[in-house]
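Undergrad: got a predicted structure here, sequence first:
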Amino acid sequence: SILPGSSCLELDPESISFGGVEVGTLNSEEVTLTACGNSPLHLDGIYLKDGSSPAFSIDFTNISRPPTPEHPLVVHPGDNVVVSVVFMLETHSTIGDDGIYLPEVGELVVDATAIPQHTVVSLFGAAVDINCPTAVIKCKEGNLGSPQTGLHLRGDESYALNGTIVKWQW
């Protein structure tokens, strides 16, 4: 439960998998930061955690400037801010002994005067030379659902770099 006068932060999605992305191709996904408490949310920082793959970057186009502790971005209850995480590499990801691309990994960190104060979005992706299909599954009900909830899944954002997706199987 949220105490009166407190603020909280919801992230959607809580992890991003870019799948296999062709070398040199830019791919981006949006992360929505929502103020879910009853007090304004102060975003003190949005950044990639040290050690994150250089394949990942943040696009702050949708907001006026990257927030800092000295100049936080204030989000009022019920409002949200959208930032984009970008994935792109000019060379292919490392290939493991089994011949499979090892994923690039990273973490988008959001610091806020909220519960929780330090929130992370896990990032995964691989830069590939081969044109393999990439499954993109979206759930109408969002990331959190109660047990026994019927889920409505869509795969229409799935793509193949050298063909078309003809069916999905869940």
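TA: The structure has been received and is ready for your questions.
Undergrad: which residue ranges of the protein form strands?
TA: 9-12, 15-22, 27-35, 41-48, 56-59, 73-75, 80-87, 104-112, 118-128, 138-139, 153-154 (DSSP state E).
Undergrad: how far does the first one sit from the chain's center?
TA: If I follow you right, that is strand 9-12. Taking Cα atoms, centre = their mean, to the nearest Å, one finds the center of strand 9-12 at 11 Å from the center of the full chain.
Undergrad: helices or strands next to it in the packing?
TA: The contact analysis (3 or more Cβ pairs under 8 Å, 6 or more residues apart in numbering; DSSP states H and E) places strand 9-12 against strand 27-35, strand 104-112, strand 118-128. All C-beta atoms are positioned from the backbone trio N, CA, C, and that covers glycine.
Undergrad: and that strand, which strands flank it?
TA: As defined by DSSP bridges, the strand partners of strand 9-12 come to strand 27-35 (antiparallel).
Undergrad: let's see the partner strand as CSV, backbone CA atoms only.
TA: The C-alpha coordinates for strand 27-35 follow below in CSV (Å, rounded to 0.1, in the frame of the first residue of the first chain):
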residue,chain,number,x,y,z
ASN,A,27,16.2,-0.6,-33.0
SER,A,28,14.5,1.2,-30.1
GLU,A,29,11.9,0.4,-27.5
GLU,A,30,10.0,2.8,-25.2
VAL,A,31,9.9,2.6,-21.4
THR,A,32,7.1,4.4,-19.7
LEU,A,33,7.8,5.8,-16.2
THR,A,34,4.5,6.5,-14.4
ALA,A,35,4.0,8.4,-11.1
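Undergrad: got the angle for it vs strand 15-22?
TA: 170 degrees (axes from the mean of the first three to the mean of the last three Cα atoms, to 10 degrees).
Undergrad: who does the residue nearest the centre of the chain bridge with?
TA: With distances taken as Cα atoms, centre = their mean, the residue of the chain nearest its centroid is residue 16 (4.1 Å). Going by DSSP bridges, residue 16 is paired in beta bridges with residue 123.
Undergrad: contacts only, for it.
TA: 29, 31, 85, 108, 121-125 (Cβ atoms under 8 Å, 6 or more residues apart in numbering).
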